[in-house]
Each structure stands twice: as C-alpha cells, then as structure tokens.
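**Student:** sequence-free structure coming up:
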C-alpha cells in the first residue's frame, strides 16, 4: 500500500507487540521499520525500468528478510543502544517489518513473501494501493491520541489494527458481491474470473477474464442494478513463443502472472505486453491500457513505455467519480 499507510501500520503493529511499555520513541521506530522494506525502490534507481518493477516486493518483502533485518537491527541496538533488547522489543521489531508485506499482499501488485523458497506472488486483490478510507481508519486512533494524551500507546496501536481489520470486512464483502455478479454473466466455459480493486474506493471492481487468445474486461459498481458488460480484446499469445529465450521477458511474465495481455504491432515491428491483472485504466467502454513492456522485433529485452496521458490514478479520477455517483 502507500507509504503513509505502511508507516502508520508499522507504528501500530510495533505498539501492539510492545504493549503497555511502548514509548513515543518506540512509535518512531515503528514508523521507520514499517517503511524499511520499501527502501528497495532506491536499488531500482540503478536498474532499467523492467528490472526495477520486477525486483520491487521481492526479496525485501520476504519473511526471511524480516528475520535477518530483525536480527541485524536487534544486535545493533543491543550493542550501541542505551539499553538492551527485551523479548518484546525483538517481537515488535519483527512485527513492524514483516507485517508490511502482508499489508502489500492485500493489493494486486503481488508480494514474494516466501522468497527465496518461492517466487510466487501473493496478491489477494482486496484493496487498491491508494485507498484513502483504509489509510484514514489506521490514522484516526493516532489522531485521537494527539488530543487526549493517552498513557497506553499499545492500546492505541491495538485500536488502529483492530479498526483496520473491521474495515476489511467491507472490501471483502464488496468483492464477493462483484465476483458473484461477474460469474453470473455470460462467459466462455472454464474461464477464471478475477475481480480487482480500483483506486480510492471499494465500490467499483474491474473484472478480468483470461480466455487464452482473448481477454475480457468489465467494470462493476456494487450496489447498482446494472448488467456486467464484458469487452473482449485479442491477446496474441503466440507472439510470446518468439520471446521464450529472454530472461527479462520471463521475469516480467512472473510479475504479470497469467493475466498478461499481448499485442503484436507488425507495422511498428514490436510486441507490447500489458500487466492486465490490474484491469484497464477506464471504467466504461473499450478497455484502455498503459505502461506496456515494449519489445522490438529481433530484441530479447524491452522497456516500459511511459505515456503522458496517464500519470497514475488521479489522471482519470473524474471518470471514476462520475461512475461512483
């Protein structure tokens, strides 16, 4: 999720594990540890666009890294800190680091929690990376604490985590309703339907269906009496056969999962691969996709093509807001 949510979640989980002994200094530690694993984006500054994308949420988000980082940080604090590490300190440090990965797993991006034993991406498609309500639920108990001067920071952390857990009941319910509607619509046999969240809300879900040589997409607004209208796009899976020897392409396909949309442009002499698991950027009509991995004919590597028309979820917020109303 976004860095603010991760920072607050780190403070909350640290306080829960530390309990009544939590101090303001501990909360700052929790904030820093909650953001720690996303420091892997700094390593991406020296990589090409594809490697930076694939390597994010890999080794740094694993349980193994959380254990090693906890050991390193605990040893350092024990050696140079003003006091030794208690068992609660060790637990709190591990919790603040490791729960970052589980928070990320709620999104669609995918998180390699089992690295290096497994490179499978854990992605539960429950909330979007940017979900203001989810962030607000985490932050509100801490905002309340600034005005009420509580003596038990551990209890505030528990309230924050508990409120977030209760909040998750809504997107989980909403997703279930969206999936039910999507599966009840007319679809080819033996197709797996995936409902993925959209930015800033848990009402509108993008449906993604992979039928092999084509992919279907539909946006569904939970609570509205509307039909699920699928838009189908051809996917040139055969074009991947020409790229089978490319390590970069194969790594990228692990990131996209089976829901990769392949377009072959013979005029430009290139193959475009979209991470269609996120769904299209628009909420009605013919699906629109951005940021493809573009591979020129004869090449075994490519680059992510950025497009000025889209700079993130805010680019089409007006369309989303119109649909939400």
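**Tutor:** Now that the structure is in, tell me what you want to look at. Everything quoted here is computed from the prediction, not taken from an experiment.

**Student:** Outline the domain layout of the chain.
**Tutor:** According to automatic domain parsing, the chain comprises the domains 3-167, 173-324.

**Student:** In a markdown table, list those along with mean neighbour count.
**Tutor:** Bear in mind the C-beta positions are built from the backbone N, C-alpha and C, glycine included. As requested, the domains of the chain are exported to a markdown table (neighbours: other CB atoms under 10 Å):
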| stretch | mean neighbour count |
| --- | --- |
| domain 3-167 | 18 |
| domain 173-324 | 17 |
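
**Student:** okay, residue 163: pLDDT?
**Tutor:** Looking at residue 163, its pLDDT is 97.

**Student:** ok, now which ones touch it?
**Tutor:** Contact analysis of residue 163 by CB atoms under 8 Å, 6 or more residues apart in numbering lists 137, 138, 140, 141.

**Student:** Format those residues as JSON lines; extra columns: distance to residue 2, secondary structure and pLDDT.
**Tutor:** Below are the contacts of residue 163 laid out as JSON lines (distance: CB to CB, whole Å; DSSP: H, G, I helix; E, B strand; the rest coil; pLDDT from 0 to 100):
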{"residue": "137", "distance to residue 2": "13", "secondary structure": "helix", "pLDDT": "96"}
{"residue": "138", "distance to residue 2": "11", "secondary structure": "helix", "pLDDT": "96"}
{"residue": "140", "distance to residue 2": "16", "secondary structure": "helix", "pLDDT": "95"}
{"residue": "141", "distance to residue 2": "18", "secondary structure": "helix", "pLDDT": "93"}
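
**Student:** of all the residues you listed, which comes closest to residue 112?
**Tutor:** residue 138 (23.9 Å; CB to CB).

**Student:** Distance check, residue 286 against residue 318.
**Tutor:** For residue 286, the distance to residue 318 equals 18 Å [CB to CB, to the nearest Å].

**Student:** Repeat that for residue 145.
**Tutor:** Taking CB to CB, one finds residue 145 at 36 Å from residue 318.

**Student:** Walking through the stretch 151-300 of the chain, point out its strands one by one.
**Tutor:** 193-197, 204-210, 214-221, 231-234, 260-265, 270-275, 293-296 (DSSP state E, counting those that start in this stretch).

**Student:** could you say what helices and strands the fourth one packs with?
**Tutor:** Other elements packing on strand 231-234 under the criterion 3 or more CB pairs under 8 Å, 6 or more residues apart in numbering; DSSP states H and E are strand 214-221.

**Student:** now the angle from the strand it packs on to strand 260-265?
**Tutor:** 120 degrees (axes from the mean of the first three to the mean of the last three CA atoms, to 10 degrees).

**Student:** by contact count, what packs against strand 214-221?
**Tutor:** Going by 3+ CB pairs under 8 Å, 6+ apart, strand 214-221 lies up against helix 169-184, strand 204-210, strand 231-234, helix 317-324.

**Student:** what about 7 Å?
**Tutor:** Other helices and strands packing on strand 214-221, by 3 or more CB pairs under 7 Å, 6 or more residues apart in numbering; DSSP states H and E, are helix 169-184, strand 204-210, strand 231-234.

**Student:** that older thread, would you mind giving the contacts of residue 163 as JSON lines with distance to residue 89 added?
**Tutor:** Shown next, in JSON lines, are these (distance: CB to CB, whole Å):
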{"residue": "137", "distance to residue 89": "27"}
{"residue": "138", "distance to residue 89": "23"}
{"residue": "140", "distance to residue 89": "27"}
{"residue": "141", "distance to residue 89": "22"}
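
**Student:** ok, of those residues, which one's closest to residue 269?
**Tutor:** Nearest member of the contacts of residue 163 to residue 269, counting by CB to CB, is residue 138, at 48.2 Å.

**Student:** residues in contact with the closest one?
**Tutor:** Applying CB atoms under 7 Å, 6 or more residues apart in numbering, we find residue 138 in contact with 5, 8, 9, 12, 160, 164.

**Student:** Those residues in helices, which ones?
**Tutor:** 5, 8, 9, 12, 160, 164 (DSSP state H).

**Student:** for these, which one is nearest residue 210?
**Tutor:** Distance to residue 210, by CB to CB, is smallest for residue 5 among these, at 29.8 Å.
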